[in-house]
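K.L.:
next comes the sequence, and after it the predicted model I'd like to discuss.
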Amino acid sequence: MSATVTETEATEEEEFEPMRPPIDMDWPKIADQLTERFGYTAEEVEAYNSLETDKDALMKLYNSMNLARAFENACNQAYMQGKIRGFMHLDNGQESIPGLVDYAIKNDDKKYSYYREHTHALASGVSPGAIMAELMMKETGTCKGAGGSMHIFDKLTYFQGGWALVAEQLPYAAGAAKSILIDRALGLSDDAKIEKQDVAPAVDDNRISVVFVGEGGSQNGRMAEILNAASKDNLPLLILTIDNGRAINTFTPDVAKNNDVYLQGQHYGVPGLLVDGLDAADVAKGGKAAIDYIRSGKGPAMLQVHTYRFNGHSPADPEHERGRKDEKTWARAEQDPIKFFEEKYTSNGMFTQEELKAARKVILADVKAAVKFADESSMPPVELAKELEYPDAPDTDYNAKEAPAYADAVNKRTISPEQMENVQALIESLREKSNAGELSIGDAINLAIHEEMLRDPRTTIHAEDLQAGSSYDIPKLTQQTYGSIRAADEIIDEGHFIGKALGEAMNGYRPIVELMNTNFGIYGMAELSSAGNTYATTGGAFDMPMTIVGAGGTAPNQALGAEHSQPLHAYVMGIPGLKICTAASPDAAYGIMKSMIRDNGPCFLFAPVKMMKESKGKVDVGNCMPLNKAALLHEATEETVKSRNAVTVLTYLHGVKEAQNSIDAITEEGFDIDLIELRALKPLDMKTIAKSLARTNKLCILDESTKSGGVGATISAQVSEELFDLLDAPVKRLCMDDAPVPYAETMEKAVVKRGSDLIEGVFDLCTKKW
């Protein structure tokens, strides 16, 4: 046998076999899915096929695809020129999706996309010039240059992101879909400024929310949660999976067992449709059928578009993954939806080459104009960054904020006389407890919530065990009064319902989220981070009026173990845009809670878990407290100040009780303290701290967070930087050890600081034993 290879065999080129072959999904097979899964008749399905003979609609589809392609090409060029910075993710090869958006999605539908969203925004009607200006960091951009490529937002077209964390947009879109149902239930709608007005949505209101997600992101656990919520609440939601076979650049089947994303909803009664992204007309026809199913009130649906992405994940990525470069070359030649469209509709006589060429010329001119607009626009002023920190200034007087004029009318048509009688009886009983000095922290927050939900019907609430009042009665009687449409009992995943609340907040509502224990908020760190960033990221276009409240902290000898004793208040201190407060008394909890609900930005109130029912007192009914002020609870005598035996003590949560119980022991030895409760952790009240330090010149922090990265570390650094000249001694930090909090009280003493530590710390400072 000869081992010689013939010349013919050596030169014969083998046909390329893609790792992920095209799918066989023509219109008859799509039609079969629509009849089998969506319940359409053959005649109803055939009506969608009329697009094939609608020349104007087909030209609109072609223009949408070409605008997407030309815009992305211009972005790539600008990126290479250094005009666009950071990460940028292009959509070339997937133009059938913006084609569908342009064809079947309406202006007032809510749209949530991910970081590859330029073309989705274009198809939603967002100005090409404004998008390009945003990418080039210009003030005329959609977000004034604050968002960038991954964060395109536009309020007037309801294009609500542009979200950079994979799959985070899923619960946001569910919350937006829920907001549509709340509009209908309350009889509210958006005015020309996209603010709620007392005008019911149209009788034929058929708005939906659509969320775009990749097939890699569709493997995220948030998908199961959104399917459950969408099915349970019959949300008008389209989950649109863009399946290009690559999770970033990795071949998705290498990391995912089930790539039939459109079938994931079958266990929840959510139908799914698979279409081939090569044929934009089929995507438009099938997609519109799925969308019309949702618009008819039948509930959510899924759409999976099988497509290929011509570019890598981002120009900044190396693309070393298996088969990626060869696949791109093949896909550009064989799987281009624009080329397919041109060949299909010129061969059947629908268009001439000249007609399509003329259409492309107009599109190219539009894109050129967008680039010119961006090039000539100005950069945003440096001052804008700080202006976008909070929607409401830290010193806002929340007592001066007016309630919606339509509050009484909405309450009258949505709350029955019996429900109103019951909630008013609860409110009256809580106020009587307050008058007697017997109101608990949990009850005080509950009272504030009911007063605010009645004052402003846009206020909603989400919690676990909500119907039963949760652990501390914070949401007591809310669902029984306002119904599940405004008071939602949630599945046990804080990230999910924090995310849904974010979607409601972007759409005119003011959600409250109660965490049964604030440590559970660890599940929602992505959502908390985005809540803090949204106002700034959107250039101030979208407020984020969301209040998170819960019991947390670490009391001495609380015997809850490490996971229930984590300092989430310290973890979230680094999230920009959050206002973070604590309350160790009913009065503080009540006044701060009312202000937070009225604030137009995200706020987080921490209450002490071991004092929720133990601490009793009165509240100043109707009064809102500032969100930027500390409280002086005990003032050192002038005698101890003059003798240099006074110390400023900063503390919060359970530390307040520990400090108050230590005052007698401290004063018996001839020392004293200015006891300051840090009701505002962020922004920090440095004026009150400075005023006290000017008297005592010594600072002790009884801190309910860890030595590394804790609240005390932040405050100590800030005091050292800004008030160093007022200090006669190093700042003494009495903080939790970095070790996890043990369950056994004998070990826990080594980790959690308490009153005895404070007494010793004050003595050390005054006797110079530091």
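P.N.:
Happy to help now that I have it. Keep in mind it's a predicted model, so treat the numbers as computed, not measured. Numbers count the residues shown, from 1 in each chain.

K.L.:
would you mind measuring from Glu514 to Lys698?
P.N.:
39 Å (C-beta to C-beta, to the nearest Å). From N, CA and C alone the C-beta is placed, and that goes for glycine too.

K.L.:
for Gly129, that is, sorry about that
P.N.:
Relative to Lys698, Gly129 is positioned 59 Å away (C-beta to C-beta).

K.L.:
what's the answer for Glu383, then?
P.N.:
Look at Glu383 and Lys698: by C-beta to C-beta, they are 37 Å apart.

K.L.:
quick one, which of those two is more surrounded?
P.N.:
Lys698 (29 against 8; other C-beta atoms under 10 Å).

K.L.:
isn't the more buried one up against Cys766?
P.N.:
Yes - applying C-beta atoms under 8 Å, one finds Lys698 in contact with Cys766, separated by 7.2 Å.

K.L.:
could you name every residue contacting both of these two?
P.N.:
Shared contacts of Lys698 and Cys766 (C-beta atoms under 8 Å, 6 or more residues apart in numbering): 646-647.

K.L.:
residue boundaries of the strands in the stretch 501-650 of the chain?
P.N.:
Ranges of strands within the stretch 501-650 of the chain are 510-515, 547-552, 579-582, 603-608, 616-617, 631-634, 646-651, based on DSSP state E, counting those that start in this stretch.

K.L.:
equivalent analysis for the stretch 251-400 of the chain, please.
P.N.:
272-276, 301-306.

K.L.:
most packed of the ones you listed?
P.N.:
strand 301-306 (a mean of 25; mean count of other C-beta atoms under 10 Å).

K.L.:
helices or strands next to that one in the packing?
P.N.:
helix 96-104, strand 237-243, strand 272-276, helix 280-293 (3 or more C-beta pairs under 8 Å, 6 or more residues apart in numbering; DSSP states H and E).

K.L.:
residues touching it, excluding its own?
P.N.:
Outside strand 301-306, the residues touching it (C-beta under 8 Å, 6+ apart) are 22-23, 25, 38, 94, 96-97, 100, 215, 237-243, 260-262, 264-265, 270-277, 283, 286-287, 290-291, 293-294.

K.L.:
now the angle from it to strand 272-276?
P.N.:
20 degrees (axes from the mean of the first three to the mean of the last three C-alpha atoms, to 10 degrees).

K.L.:
relative to helix 280-293, how tilted is strand 301-306?
P.N.:
Angle, strand 301-306 to helix 280-293, by the same axes, to 10 degrees: 170 degrees.

K.L.:
just the angle between strand 301-306 and strand 237-243, please?
P.N.:
Using the same axes, to 10 degrees, the inter-axis angle of strand 301-306 relative to strand 237-243 is 10 degrees.

K.L.:
pLDDT on strand 301-306, on average?
P.N.:
Across strand 301-306, pLDDT averages out at 98.

K.L.:
angle of that strand against helix 96-104?
P.N.:
Inter-element angle recorded for strand 301-306 and helix 96-104: 140 degrees (by the same axes, to 10 degrees).

K.L.:
quick one, what contacts the residue lying closest to Ile575 once chain neighbours are set aside?
P.N.:
Closest residue to Ile575 apart from its sequence neighbours, by C-beta to C-beta, 6 or more residues apart in numbering: Gly532 at 4.2 Å. Neighbouring residues of Gly532 by C-beta under 8 Å, 6+ apart: 544, 575-578, 602.

K.L.:
show me just the buried residues among these.
P.N.:
Buried members of those, scored by 16 or more other C-beta atoms under 10 Å, are 544, 575, 577-578, 602.

K.L.:
still on that earlier bit, between the helices and strands packed on strand 301-306, which gets nearest to Ala202?
P.N.:
Proximity to Ala202, assessed across the helices and strands packed on strand 301-306 by C-beta to C-beta, is greatest for helix 280-293 (17.0 Å).

K.L.:
which other helices and strands does the closest one contact?
P.N.:
helix 27-37, helix 42-48, helix 55-80, helix 96-104, strand 237-243, strand 272-276, strand 301-306, helix 337-347.

K.L.:
now those as TSV including distance to Lys613?
P.N.:
Formatted as TSV, those follow (distance: least, C-beta to C-beta, whole Å):
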stretch	distance to Lys613
helix 27-37	51
helix 42-48	59
helix 55-80	57
helix 96-104	52
strand 237-243	39
strand 272-276	48
strand 301-306	45
helix 337-347	62
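
K.L.:
quick one: which of those is nearest Asp725?
P.N.:
Among the helices and strands packed on helix 280-293, helix 55-80 sits nearest to Asp725 (C-beta to C-beta), with 49.2 Å.

K.L.:
other SSEs contacting the closest one?
P.N.:
Where contact means 3+ C-beta pairs under 8 Å, 6+ apart, helix 55-80 is packed against helix 96-104, helix 118-123, helix 128-135, helix 280-293, helix 337-347, helix 353-376.

K.L.:
mind doing that once more with 7 Å?
P.N.:
The contact analysis (3 or more C-beta pairs under 7 Å, 6 or more residues apart in numbering; DSSP states H and E) places helix 55-80 against helix 96-104, helix 118-123, helix 280-293, helix 337-347, helix 353-376.

K.L.:
how about the helices and strands packed on strand 301-306 in a markdown table, adding mean pLDDT and distance to Val641?
P.N.:
A markdown table is the format used below for these (pLDDT from 0 to 100; distance: least, C-beta to C-beta, whole Å):
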| stretch | mean pLDDT | distance to Val641 |
| --- | --- | --- |
| helix 96-104 | 98 | 68 |
| strand 237-243 | 97 | 62 |
| strand 272-276 | 98 | 72 |
| helix 280-293 | 98 | 71 |
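
K.L.:
one step back: for Arg754, find the nearest of the strands of the stretch 501-650 of the chain.
P.N.:
strand 646-651 (11.0 Å).
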